[in-house]
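Asker: Quick one, what's the 3D model for this:
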Amino acid sequence: MICVSLGRTRHSAFREGHRELAERKAELVELRLDWLRKKPDIGSLLKDRPTPVVVTCRREEDKGRWTRPEDLRQTILRQAIIGGAEYVDLEEDIAASVPRYGDTKRIVSYHNFDETPIELSNIYERMKRCDPDIIKIVTMANRPSDNVRLLELVKSADIPTTGFCMGEYGTISRILCGRMGAPFTYAGFSREREMAPGQLTYAETRNLYRFDRITDQTKVFGVVGDPIAHSQSPLLHNAAFRKVGFDGVYLPLRIPDGNLRETLEEFQQLDVAGYSVTIPHKLAALEFAEKPDVQSDLVGASNTLFQKDGAWHCTNTDYDAIVDTVEEALNGEDGRRGELKDARVLILGAGGVARAAVAGMINKGAIVTICNRTAAKAKTLAEEFGCLSTVWANRGAEQCDVLINCTAVGMHPNVNDSPYEQHWLHERMLVFDTVYTPENTLLLKHAQMRGCATATGVEMFVRQGAKQFQIFTGQEPPVDYMIETLRQARRQAAVG
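Answerer: Numbering: from 1, shown residues only. Below is the predicted model of the structure:
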């Protein structure tokens, strides 16, 4: 079950928001009384309530908004119990001061906005002595492994325990806590009304991650990277899972550079079945895998990890996605740009995607030149693959038939940037930008104005994701649906 936190400054707005959540099928709503400007009228908020409620009133020291006397706060909590609220949230230090009465269930809570303490089990044992119906432990994740420790506590608890981590690292525990036995997780009313760091919205928790449908049989996947909040892979894969009826959930997992092996070994306790891999972990993913395939070895990097026959395998779906995208664009309606064999290809960038592009183009017989803002990286990559390199300042002087941008230049929010000047483009070129946010980058707009053939990062992104989907699920990917899902999300974001 999802508990939606609701905070408003006026009683009328509280009631209106509560009715809206009920219309949106919310099953449990947390009334954050500390948000009210006036003294809470608990009777009016509980009367004719459209859903069960958790009554909560947080002090400033607990990152709430309550600044009035403490005895008044505890009086309000007692009134909520007398008024028959389904749940009341009591901090550990006041639980003994607010007696049990009637059918109201007691949530005894602990919050730590700084860290996930080592002594979690001691905290849990201490809270058990506070006469709880439910224990709530919420901590700040400063590293991915904090999620594992807290979820293991939830799983082993002999009293129903809601436990998850806050912050960007904490998303996995917010979604998987129910799988470990938590009676509910918490979500926000909307992105603009976030109640805690890293809190997901009700819509995301219910519709994107389908929290209430996750069981111990649900397959868990994720995308690992740093940063990762911008990734649209969760949208793409979760929508595809839903479309074909696959019992899976796909999560964004932030892992700092240099921590991939350690974190993935810890995540094995959570039974994660596979990962998409993005910056900066593609080289580390290849090293982590026990059984790399030919493409990963050829590229020297991996963007996909999956378990098979008790071992971690890896592949690189960027490789085929890039080749397929370029070849389709070359063989467009007019067919005037020919084949990749002997084509002059200029690749901007020297990261993981660039490695896949270089390998794919060379394998197709193209003449490849690599250009990167750090010249040494371009030279090193060119020496590894036996191709050419040039310095960034000379990129416009290189004559090419195909231009592939594998840098982040032009990616949101820097949408007014381009890695290649407009006057360097000519109509015989194919311009392929691997950036997919936005789809129509400034580079592609300039290319279209110059009469170039173009290929977008969305085409590549969906292709590589579709191949991952097939590996993860064993089913044919709904490619057209995945493309439309991505574009529909873009249209909604532009309107909203």
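Asker: Nearest residue to the spatially most central residue of the chain in space, please, no chain neighbours.
Answerer: Nearest to the geometric centre of the chain sits Pro252, at 2.8 Å (CA atoms, centre = their mean). Leaving aside its chain neighbours, Pro252 sits nearest to Ile228 (4.8 Å; criterion: CB to CB, 6 or more residues apart in numbering). In short, each C-beta sits where N, CA and C put it, glycine included.
Asker: Gln448 now?
Answerer: Distance criterion CB to CB, 6+ apart; nearest residue to Gln448, sequence neighbours excluded, is Thr454 at 6.0 Å.
Asker: What strands line up against the strand or helix carrying that neighbour, and which way round?
Answerer: Per DSSP states H and E: Thr454 is located in strand 453-455. Applying DSSP bridges, strand 453-455 is found paired with strand 430-433 (parallel).
Asker: Return the set of buried residues in the helix or strand that comes right after the partner strand.
Answerer: Sequence order places helix 442-449 as the next helix or strand after strand 430-433, per DSSP H and E. Going by neighbour count (16 or more other CB atoms under 10 Å), the buried part of helix 442-449 is Leu442, Leu443, Leu444, His446, Ala447.
Asker: which SS class is Asp342?
Answerer: coil (DSSP: H, G, I helix; E, B strand; the rest coil).
Asker: so how many other residues sit close to it?
Answerer: The number of residues packed around Asp342, counting by other CB atoms under 10 Å, is 11.
Asker: contacting residues around it?
Answerer: Gly365, Ala366, Ile367 (CB atoms under 8 Å, 6 or more residues apart in numbering).
Asker: got the contact list for the last one?
Answerer: By that I understand Ile367. Shown in contact with Ile367 (CB under 8 Å, 6+ apart): Asp342, Ala343, Arg344, Val345, Cys387, Leu388.
Asker: quick one: which of those is nearest to Glu23?
Answerer: Using CB to CB, Val345 comes nearest to Glu23 of the contacts of Ile367, at 54.2 Å.
Asker: if I look at the closest one, how far off is Ala273?
Answerer: 36 Å (CB to CB, to the nearest Å).
Asker: re the thing from before, which of the contacts of Ile367 sits closest to Ile134?
Answerer: Using CB to CB, Val345 is the member of those that lies nearest Ile134, at 59.6 Å.
Asker: Tell me which helix or strand comes right after the helix or strand where that closest one lies.
Answerer: Here Val345, judged by DSSP H and E, is contained in strand 344-348. As assigned by DSSP H and E, the chain's next helix or strand after strand 344-348 is helix 352-363.
Asker: for that following helix, what is the average pLDDT?
Answerer: Averaged across helix 352-363, pLDDT comes to 95.
Asker: Just want the angle from the strand holding Val345 to helix 442-449.
Answerer: For strand 344-348 against helix 442-449, the angle by axes from the mean of the first three to the mean of the last three CA atoms, to 10 degrees is 150 degrees.
Asker: tell me the angle of strand 344-348 relative to helix 352-363?
Answerer: Interaxial angle of strand 344-348 relative to helix 352-363 (the same axes, to 10 degrees): 170 degrees.
Asker: Can you name the residues in contact with strand 344-348?
Answerer: Contact partners of strand 344-348, identified using CB under 8 Å, 6+ apart, comprise 354, 357-358, 361, 366-372, 395, 398-407, 409, 419-420.
Asker: make it 6 Å
Answerer: With CB atoms under 6 Å, 6 or more residues apart in numbering as the test, strand 344-348 has contacts from 354, 357-358, 361, 366-371, 398, 400-405, 407, 419.
Asker: now swap in stretch 185-204 and tell me
Answerer: The contact list for stretch 185-204, computed with CB under 6 Å, 6+ apart, reads Ile2, Cys3, Val4, Ser5, Leu6, Met166, Gly167, Glu168, Gly170, Arg174, Cys177, Thr205.
Asker: which residue sits closest to Arg206 in space, ignoring its chain neighbours?
Answerer: For Arg206, ignoring the flanking residues on the chain, the nearest one in space by CB to CB, 6+ apart is Ile2 at 5.9 Å.
Asker: my guess is that neighbour contacts Thr205, does it?
Answerer: Yes: if you go by CB atoms under 6 Å, Ile2 and Thr205 touch, sitting 5.3 Å apart.
Asker: shared neighbours, these two?
Answerer: Contacts common to Ile2 and Thr205, judged by CB under 6 Å, 6+ apart, are Ala187, Phe211.
Asker: before we move on, the earlier item: CSV for the contacts of Asp342, including distance to Tyr124 and secondary structure?
Answerer: Formatted as CSV, those follow (distance: CB to CB, whole Å; DSSP: H, G, I helix; E, B strand; the rest coil):
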residue, distance to Tyr124, secondary structure
Gly365, 62, coil
Ala366, 60, coil
Ile367, 63, strand
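Asker: Let me know the closest of these to Val29.
Answerer: Among the contacts of Asp342, Ala366 lies closest to Val29 (CB to CB), at 58.5 Å.
Asker: Please tell me how far the closest one sits from Val479.
Answerer: 26 Å.
Asker: cool, Thr325 as well?
Answerer: 13 Å.
Asker: ok, the two, which is more surrounded?
Answerer: Thr325 (24 against 14).
Asker: what's the angle between the strand or helix carrying that one and strand 344-348?
Answerer: For Thr325, the host element (DSSP H and E) is helix 317-330. Compare the direction of helix 317-330 with that of strand 344-348 by the same axes, to 10 degrees and you get 130 degrees.
Asker: So what's the gap between helix 317-330 and the chain middle?
Answerer: Centroid separation for helix 317-330 versus its chain: 26 Å, with CA atoms, centre = their mean, to the nearest Å.
Asker: Then stretch 100-107?
Answerer: Centroid separation for stretch 100-107 versus its chain: 36 Å, with CA atoms, centre = their mean.
Asker: In that stretch, which residues are buried?
Answerer: Thr104, Lys105, Arg106, Ile107.
Asker: buried subset of the contacts of strand 344-348?
Answerer: Buried by 16+ other CB under 10 Å: 354, 357-358, 361, 366-371, 400-405, 407, 419, out of these.
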